[in-house]
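Asks: Build the 3D model from these lines:
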Amino acid sequence: MNVGPEYLFSDVDVFTASTTCVPETVTLRPYMLGSTNALATATLTVGPTPGFYRATFASPSRCRRTAR
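Replies: A predicted model of the protein is given here:
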C-alpha cells in the first residue's frame, strides 16, 4: 500500500571530499529505507576539496513511501 506523496528525482547533491589528493569516481546508489534494491545508479566524481558534488541519473526515478 502506497502512502504519502510520490517523489521524482533526477540528480542528487552530496557534500563530501576525496580522501586522496586526486579526484575519485564513485558509484551512487540511493535506497528506500528497508529496501535492498537501489532506486537508481549514477557515477559521481569527487575532488579533494570539500564541497557539493552532483550525480545526475540517466533518467528520472520515482519513489514513494510504502506502509509496512
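Asks: which residues touch stretch 12-28?
Replies: By CB atoms under 8 Å, 6 or more residues apart in numbering, the surrounding residues in contact with stretch 12-28 are 30, 41-55, 57. For every residue, glycine as well, the C-beta is placed using N, CA and C.
Asks: likewise stretch 30-43?
Replies: Against stretch 30-43 from outside (CB under 8 Å, 6+ apart): 9, 11-12, 25-29, 55-59, 61, 63, 65-66, 68.
Asks: Only whichever of those residues are buried, select them in ChimeraX.
Replies: Buried subset of the contacts of stretch 30-43, written as a ChimeraX selection, criterion 16 or more other CB atoms under 10 Å:
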select :28,55,57,61
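Asks: Of the contacts of stretch 30-43, which belong to strands?
Replies: Residues of the contacts of stretch 30-43 located in strands (DSSP state E): 9, 11-12, 25-28, 55-59, 61, 63, 65-66.
Asks: So of those, which two are at opposite extremes in space?
Replies: Greatest spacing in the ones in strands among the contacts of stretch 30-43, by CB to CB: T25 and T66 (32.4 Å).
Asks: secondary structure element for L44?
Replies: Assigned by DSSP states H and E, L44 belongs to strand 42-46.
Asks: buried residues in that strand?
Replies: Going by neighbour count (16+ other CB under 10 Å), the buried part of strand 42-46 is A42, L44, V46.
Asks: Local confidence estimate at the second one?
Replies: L44 carries a pLDDT score of 91 in this model.
Asks: quick one: it from F9, how far?
Replies: Distance check for L44 against F9: by CB to CB, to the nearest Å, it reads 14 Å.
Asks: How about the first one?
Replies: Using CB to CB, one gets 11 Å for the distance from A42 to F9.
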